[in-house]
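Engineer: need coordinates for the following:
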Amino acid sequence: MNQKKYTLKRLGQTGLVRQTDEARFIINYQEELNPSQFEAASAVKGCFLIIAGAGTGKTRTLVYRVARLIELGHDPNSILLLTFTRKAANEMMKRASMLLDDRCSKIRGGTFHSFANLTLRKYARAIGLDSSFTILDQGDSADVINLIRSQDGFITKEKRFPNKQTLNKVFSLSVNTGKKVEEIIENDYPHFIPLLDKILEINKIFTEYKRRNNLLDYDDLLVYLREFLNKGGPAVKALLAEIKFVMVDEYQDTNHLQSEIVKGLSQYNKNVMVVGDDSQAIYSFRGADFHNIMQFPSLFDDVKIIKLEENYRSHQSILDFANRINDAAVEKYKKDLYSRRGSGQLPNIVAASTENLQSKFIVEKILDLREEGIPLKDIAVLFRSSFFSFDLELELAKANVPFQKFGGMKFVETAHVKDIMAFLRIAINPKDVISWYRVLLLHEGVGPKTAQRILDELATSRITIKAEPDQQPEFKHHKLSPLFYLLYELQKKKYTPSEMVQRVYDYYWDLFKSNYDDWNKRKKDLEIFQNIVENYTSVDTLLSDMAIEPIIESVVDVDATDKEEEYLTLSTIHSAKGLEWHSVFIIHAVEGYFPSARSIESLETLEEERRLMYVASTRAKNNLFITYPMNLYDREAGMTLSKPSRFISDITPDLAEGWLLEEDY
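Structural biologist: Residues are numbered from 1 along each chain as shown. Sure thing, here's the model as predicted:
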């Protein structure tokens, strides 16, 4: 006869609590979950922080906890599950329903914004809102801002004014991070500091406009919800009397505002469980605050920390590599991922003499893997920034390897790279009307009508780039004569492709800065383009390679109905979070690129780069390759010797095999 066990647990008041009899449940939780998952899923009252390492079954744990709370007799409506996408919430409720029954679909599940919308509609009067308010999406918000900035003399001909998207981004970041608009302009858009007073005035008018017209944007939903929760009173007590359990997924991605909402939601019942991984906090550019998860134990009472460390995705050798990356983090929750999948092959760190050789190696290795029976869809190439893959895209196209790219723009889609190519195309083919139109519109004072007039003059040979502008009467005092001088020079002189691009850069630089508010972030793309050009001896060949069909067409998502279609994944690390592949390549692991040069300026941004490397390496199940070129082109210094990323420079041979790749002559 089994004797029932009893244990003492400290609650708000100390008392004897009998352990739950597992036989009462439909689901055998202890058998279905590992010990750490079971501890998290069977937690009921109190504050819990679940540190869920990569691939440790975080979603599974949350799903089982929902089912268990319902099996314990708690009303589904008393459980609130907040996620970052509606898809994530729906998937968890669906899985819980399949696990138990339809009661699980009746919990309050959704995003922070959808929950805020429902709550504010119901309790609008308590916060002085009209419940029939209209929600502005991001496009709507930007259009309202544009309406304001176009009036009242904000825009002058003397100084360029930030566009509607930039202003919307700045105002939104300010709300979500708690930082002042002044601070964001100073840090991210210093060239707009002289216009700060006008920017602040637009923000003020924008806020008043929304209030007056009963409009709420996405950020307002969270602002008003926080205000409502902090206000207290009968309406708040009525809401929180219904919500007994608050659960938050991906807590490391919450921003300052969302953290305060979680605090407000649990102010009475104090039953809150947040799940996340401090080592995967990589979205500060969206306003996410890494400190939310680090400070959770000090912001809530008697927090119990439970760590999920058993990884179900990767071989141990990959986890040892990732653990080493994470060990060096300055601020973290100590964890050691382990796997029962076996040790597997050591990760490979491959140094290539040039970027192009790096690309050729990756293409060759991908084709080898495919021959070994690994489908393309189970292979991914990950990178810190979108432009790192430009050279690789060309090599993949040459080898006829289909791919999809996620995060950032494709090479031929980035507006500033399109601009440079338009100059080159005109030099090669002066009748290229599309390229002419693009180049002309870059110039201040040239609109569609003026551009069309110039195109007509080119078509009738009244003006031409085949003769010096000085010899053409139409160019006397003409403001576009420098452009025609450049194009005349490009098609007349015997420049190498590299020299030609350099001449275009010199001319384009001021246009580039005046046409793009975020030129400071885009300028690296131009350097990478120059690096690619170094591989060519003919501009014709360069332009032909850029126009290869797969490069353009691969931007179109593969038709979901075509199950036979196979493609390689190219992705920024940010877009790859939460995904996994059999074999993963992490490219451009070079100081100044990964970590990026700008990130080295502060410990906080440098640490986020480290977490990006951790996220990237933990996407791999069986094979992990980290590659870097030893020589890179710099616009000012020419070809320079690069240093391997600090994240891999001290990796020992027991954690990764090092390889040197040189061209065979």
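Engineer: what sits closest to Y123 if chain neighbours are left out?
Structural biologist: Spatial nearest neighbour of Y123, chain neighbours left out: A235 (4.6 Å); criterion: CB to CB, 6 or more residues apart in numbering. (Glycine included, C-beta is placed from N, CA and C.)
Engineer: just checking, the one you found touches A126?
Structural biologist: Yes. Counting by CB atoms under 8 Å, A235 does reach A126; the two are 3.8 Å apart.
Engineer: could you tell me which residues touch both of the two?
Structural biologist: Taking CB atoms under 8 Å, 6 or more residues apart in numbering as the contact rule, A235 and A126 both touch F228.
Engineer: so which strand or helix has the residue lying closest to E663 once chain neighbours are set aside?
Structural biologist: Among residues not flanking E663 along the chain, L357 sits closest, at 5.7 Å (CB to CB, 6+ apart). Per DSSP states H and E: L357 is located in helix 355-371.
Engineer: who touches that helix?
Structural biologist: 350, 352, 376, 379, 381, 391-392, 394-396, 399, 401, 531-532, 535, 568, 583, 585, 587-588, 623, 625, 627-629, 631-633, 661-663.
Engineer: what residues sit buried inside it?
Structural biologist: 355-363, 365-366, 369-370 (16 or more other CB atoms under 10 Å).
Engineer: same question for stretch 372-383.
Structural biologist: When neighbours are counted by 16+ other CB under 10 Å, the buried residues of stretch 372-383 are found to be 374, 376, 378-383.
Engineer: circling back to that earlier point, tell me which of the contacts of helix 355-371 fall in helices.
Structural biologist: With helices identified by DSSP state H, the entries of the contacts of helix 355-371 that belong to them are 391-392, 394-396, 531-532.
Engineer: got these as JSON lines, with distance to I261, neighbour count and pLDDT columns?
Structural biologist: Shown next, in JSON lines, are the ones in helices among the contacts of helix 355-371 (distance: CB to CB, whole Å; neighbours: other CB atoms under 10 Å; pLDDT from 0 to 100):
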{"residue": "D391", "distance to I261": "44", "neighbour count": "26", "pLDDT": "89"}
{"residue": "L392", "distance to I261": "42", "neighbour count": "28", "pLDDT": "93"}
{"residue": "L394", "distance to I261": "46", "neighbour count": "20", "pLDDT": "90"}
{"residue": "E395", "distance to I261": "47", "neighbour count": "19", "pLDDT": "93"}
{"residue": "L396", "distance to I261": "44", "neighbour count": "24", "pLDDT": "93"}
{"residue": "N531", "distance to I261": "45", "neighbour count": "23", "pLDDT": "77"}
{"residue": "I532", "distance to I261": "46", "neighbour count": "24", "pLDDT": "80"}
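Engineer: out of those, who's nearest I465?
Structural biologist: Taking CB to CB as the measure, I465 lies nearest I532 of the ones in helices among the contacts of helix 355-371, at 25.2 Å.
Engineer: for the stretch 401-550 of the chain, what spans make up the strands?
Structural biologist: 403-406 (DSSP state E, counting those that start in this stretch).
Engineer: any weak-confidence spans in it?
Structural biologist: Low-confidence segments of the stretch 401-550 of the chain (pLDDT under 70): 408-413, 475-478, 544-550.
Engineer: would you list every one of the helices in the stretch 151-300 of the chain?
Structural biologist: For the stretch 151-300 of the chain, the helices defined by DSSP state H, counting those that start in this stretch cover 164-177, 181-188, 196-212, 218-231, 234-242, 256-265, 291-299.
Engineer: closest to S141 out of the ones you listed?
Structural biologist: In terms of CB to CB, the element of the helices of the stretch 151-300 of the chain nearest to S141 is helix 164-177, at 5.3 Å.
Engineer: give me the angle between the closest one and helix 196-212.
Structural biologist: 80 degrees (axes from the mean of the first three to the mean of the last three CA atoms, to 10 degrees).
Engineer: so helix 164-177 versus helix 218-231, what angle?
Structural biologist: Going by the same axes, to 10 degrees, helix 164-177 makes 20 degrees with helix 218-231.
Engineer: tell me the average confidence for helix 164-177?
Structural biologist: Mean pLDDT, helix 164-177: 90.
Engineer: which residues are contacting it?
Structural biologist: Residues from elsewhere that reach helix 164-177, judged by CB under 8 Å, 6+ apart: 138, 141-143, 145-146, 149, 162, 179-181, 184-185, 188-189, 199, 202-203, 206, 217-219, 222-223, 255-257, 286-287, 289, 517-518.
Engineer: could the helices of the stretch 151-300 of the chain go into CSV alongside mean neighbour count and distance to T496?
Structural biologist: Formatted as CSV, those follow (neighbours: other CB atoms under 10 Å; distance: least, CB to CB, whole Å):
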stretch, mean neighbour count, distance to T496
helix 164-177, 20, 37
helix 181-188, 15, 37
helix 196-212, 15, 44
helix 218-231, 20, 50
helix 234-242, 14, 69
helix 256-265, 21, 52
helix 291-299, 17, 51
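Engineer: quick check, R121 in contact with T134.
Structural biologist: No. Assessed by CB under 8 Å, R121 is found out of contact with T134, at 11.7 Å.
Engineer: list the buried ones in stretch 76-95?
Structural biologist: Within stretch 76-95, the residues that count as buried by 16+ other CB under 10 Å are 76, 78-84, 88-89, 92-93, 95.
Engineer: closest to K449 among these?
Structural biologist: Using CB to CB, the buried residues of stretch 76-95 come closest to K449 at F84, 46.0 Å.
Engineer: what sits closest to that closest one if chain neighbours are left out?
Structural biologist: In space, and not counting its chain neighbours, F84 is closest to E250: 5.3 Å by CB to CB, 6+ apart.
Engineer: which ones are touching that neighbour?
Structural biologist: Applying CB under 8 Å, 6+ apart, the residues near E250 are 83-84, 88, 275-276.
Engineer: pull the most distant pair out of those.
Structural biologist: The span of these, defined through CB to CB, is set by A88 and G276 at 12.9 Å.
Engineer: need the residues touching each of these two.
Structural biologist: Residues touching both A88 and G276 (CB under 8 Å, 6+ apart): 249-250.
Engineer: what pLDDT does the model give D277?
Structural biologist: Per-residue pLDDT puts D277 at 95.
Engineer: now do the phi/psi pair for it.
Structural biologist: Torsion angles at D277 (phi, psi; degrees, to the nearest 10) stand at phi -140, psi 110.
Engineer: what's the closest non-adjacent residue to it?
Structural biologist: Leaving out its chain neighbours, the residue that sits closest to D277 by CB to CB, 6+ apart is A52, at 5.5 Å.
Engineer: likewise for D518?
Structural biologist: With CB to CB, 6+ apart as the criterion, D518 has its nearest non-adjacent residue at 7.3 Å, and that residue is T166.
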